[in-house]
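Q: quick one: sequence plus predicted model below, questions after.
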Amino acid sequence: MKKYMKKIRDDVMRVMLLLCLVFAVSCSQVVGMKQHQESLIGEDIEVVRNLYVKPYRAIAEKPGKTKVYSWNEKLTPISDGNKLYSYENPYRECTIYWVVDKSDVITKGYFEGSECR
């Protein structure tokens with residue numbers, strides 16, 4: 001009986017270790033919004049437009065039914081000659097902002113909204 005209990009305990013410990021490793025690896029793969037924006041500084045705004053404007057994102061409403069959408073884009077000229085692009089998610093409280101220079105190169109990014117991830 002002791003052998004059997006030891007085997008069960010060892011098996012439980014292995015499963016727990018495996019679950020901890022899976023959790024740690026999956027969490028390390030998530031890129032936050034701030035890191036995402038930092039990685040795009042210096043890129044042409046078309047890179048961002050390809051990510052947000054093309055309607056390729058899908059949300060499952062019900063099994064077998066999805067919505068395909070793109071973010072709502074708005075362009076605002078800034079007094080110094082730069083431009084502010086904003087992208088609003090139509091289904092979440094999240095707006096992402098990109099400041100670009102006169103050559104359409106991203107110089108800054110920021111976001112607002114409780115559901116930006």
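A: Yep, it's here.
Q: helix, strand or coil: sort out Tyr91 for me.
A: Three-state call for Tyr91 (DSSP: H, G, I helix; E, B strand; the rest coil): coil.
Q: that one and Lys54: what is the separation?
A: Distance from Tyr91 to Lys54, counting by CB to CB, to the nearest Å: 16 Å. To be clear about C-beta, it is placed using only N, CA and C from the backbone, and glycine gets the same treatment.
Q: for Leu75, same thing?
A: In terms of CB to CB, Leu75 sits 17 Å off from Lys54.
Q: run through this structure and note the low-pLDDT ranges.
A: By pLDDT under 70, the low-scoring segments of the chain are 1-31, 55-61, 68.
Q: mind listing the strands for it?
A: Under the criterion DSSP state E, the chain contains strands at 57-62, 65-69, 72-77, 83-88, 95-100, 106-112.
Q: send the alpha carbons of the fifth one over as PDB?
A: Put plainly, it is strand 95-100. Coordinates of each C-alpha in strand 95-100 appear next as PDB, following Å, rounded to 0.1, in the frame of the first residue of the first chain:
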ATOM      1  CA  THR A  95      -7.900  53.200 -28.200                       C
ATOM      2  CA  ILE A  96      -4.300  53.100 -29.500                       C
ATOM      3  CA  TYR A  97      -2.500  56.300 -30.600                       C
ATOM      4  CA  TRP A  98       0.500  56.700 -32.900                       C
ATOM      5  CA  VAL A  99       2.400  59.900 -33.500                       C
ATOM      6  CA  VAL A 100       4.100  60.000 -36.900                       C
END
